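[1] The following comprises the amino acid sequence and a computationally predicted model.
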Amino acid sequence: MAPVTVVRPIHVPVMLDEVVDALRPALSAPDATVLDATVGMGGHAAALLEAFPNARLIGIDRDGDALTIAGERLAPYGQRVHLVRARFDALPDVLDELGQHLVQAVLFDLGLSSLQIDQTERGFSYAKDAPLDMRMDDRLEVSAADIVNTWTAAELARVFSAYGEEPHALRVAQAVVAARSEEPITTTAQLVDVVTGAMPAAVRFGSGGHPAKRVFQALRIAVNDELTALADALPACLSRVAVGGRVAVLSYHSLEDRLVKHAFRDASESQAPRHLPVVPESLMPAFRVVESLVPSADEVAENTRAASARLRVVTRIKEA
């Protein structure tokens, strides 16, 4: 059998300069360590290692294919890099196993990677026909097809509404259940047809984007338990950042960004009752919000994936 040729997709890291600048104050110190909690194909990681020659990087990702590519890309940095296959909410365990109590910086680049979109067979895209999979980690037992073909209409409607903010969630869920009673829905094209057919004409023929976009987002989030993982990972990473350290998060939709915004707000607010005239040091916030940025118009024109991005950054200002 002839060897399989692996085509490396073109990967353009989002808001690369902004990420490097945001983490610069934390990584300019000697022997600083950055935790890239979504290392992907290593685009941001390579830029950080290049910009800060004394820094070490711990890279986490649940996607085995992405880690393979990241390992190749980051190989020139040798012992400065340690890669681990794990979901990012396991970061405390990863750091403990490495004997790394605190880090100086943490980066999250949330959502789908270019690799996952471009690997058609993984079923993330509504624009290409493929098996209905959507697992970021192929070790997961439940795929999108399992959810679509076994969950009740009420459960599907809840997912489409909560994770996709789909206004026609129940209508779509009922159409899915009706369609699967005729034959299992096993491909992305089948699901696109069912979802599109269930939509009102104004949605099918309107200018609000692809009719299946919200449903595909919802299924992807459900399959990979993305929001639960993020809700657990944010406080975990904040607890492992040294004083003067920074956490930067790139999010791509309102559900992610809302979790990040609230976690950063809670960490940067005083814990004292509002009526206290003087706030004790022990109740002062441990973090300060640094900035919230969106990509430039030039970047969005060159890289459409950046269009919905938002970068939020906080810094630790005192011990907990």
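    Received it, and whenever you're ready, just let me know what you need.

[2] Which residues are in contact with residue 124?
    Contact analysis of residue 124 by C-beta atoms under 8 Å, 6 or more residues apart in numbering lists 112, 116-117, 133-134, 216, 220. Heads up, the C-betas are built off the backbone N, CA and C, glycines and all.

[3] shaky segments in this structure?
    Applying pLDDT under 70 to the chain flags residues 1-11, 271-283.

[4] what about the strands in it?
    33-36, 56-61, 81-85, 103-109, 241-251, 287-293, 310-316 (DSSP state E).

[5] Burial check on residue 181, number of neighbours?
    8 (other C-beta atoms under 10 Å).

[6] residues touching it, list them.
    Contacts of residue 181 by C-beta under 8 Å, 6+ apart: none found.

[7] before we move on, the earlier item: looking at the strands of the chain, which is nearest to residue 144?
    strand 56-61 (20.1 Å; C-beta to C-beta).

[8] Quick one: list the elements packing against that closest one.
    Under the contact definition 3 or more C-beta pairs under 8 Å, 6 or more residues apart in numbering; DSSP states H and E, strand 56-61 sits against strand 33-36, helix 43-51, helix 64-74, strand 81-85, helix 91-97.

[9] For residue 172, which of those is the nearest?
    helix 64-74 (30.5 Å).

[10] sorry, back to before: got CSV for the contacts of residue 124, with distance to residue 39 too?
    Conversion of the contacts of residue 124 to CSV gives the following (distance: C-beta to C-beta, whole Å):
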residue, distance to residue 39
112, 15
116, 14
117, 17
133, 22
134, 20
216, 24
220, 19
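
[11] tell me which of those is nearest to residue 286?
    residue 112 (31.9 Å).

[12] what's around that closest one, how many residues?
    Using other C-beta under 10 Å, residue 112 is surrounded by 20 other residues.

[13] With the one 3 residues further on instead?
    Other residues within reach of residue 115, judged by other C-beta under 10 Å, total 19.

[14] My read is that residue 184 contacts residue 132, right?
    No. Applying C-beta atoms under 8 Å, one finds residue 184 not in contact with residue 132, separated by 9.5 Å.

[15] Neighbour count for those two, which is higher?
    Comparing residue 184 with residue 132 by other C-beta under 10 Å, the one with more neighbours is residue 132, at 24 against 14.

[16] Leaving out sequence neighbours, find the closest residue to that one.
    residue 145 (4.1 Å; C-beta to C-beta, 6 or more residues apart in numbering).

[17] Next up, the contacts around the one you found.
    Neighbouring residues of residue 145 by C-beta under 8 Å, 6+ apart: 131-133, 184-186.

[18] what's the most distant pair in those residues?
    Longest span within the contacts of residue 145, C-beta to C-beta: 133 and 184, 13.9 Å.

[19] Break the chain down into its domains, please.
    16-109+226-316, 123-224 (automatic domain parsing).

[20] the helices in the protein, which residues?
    16-27, 43-51, 64-74, 91-97, 114-118, 144-150, 153-164, 169-180, 188-198, 201-204, 213-224, 226-238, 254-267, 297-302 (DSSP state H).

[21] Out of the ones you listed, which is closest to residue 288?
    Between the helices of the chain, helix 254-267 lies closest to residue 288; by C-beta to C-beta that is 9.1 Å.

[22] which other helices and strands contact that closest one?
    Secondary-structure packing of helix 254-267 (3+ C-beta pairs under 8 Å, 6+ apart): helix 226-238, strand 241-251, strand 287-293, strand 310-316.

[23] give me that answer again for 7 Å
    Packing contacts for helix 254-267, counted by 3 or more C-beta pairs under 7 Å, 6 or more residues apart in numbering; DSSP states H and E, involve helix 226-238, strand 241-251, strand 310-316.

[24] what residues does it touch?
    110-111, 163, 227, 230-231, 234-235, 238, 249, 251, 285-287, 289, 310, 312, 314 (C-beta atoms under 7 Å, 6 or more residues apart in numbering).

[25] go with 6 Å
    Contacts to helix 254-267, defined as C-beta atoms under 6 Å, 6 or more residues apart in numbering, come from residues 110, 230-231, 234, 238, 249, 251, 287, 289, 310, 312, 314.
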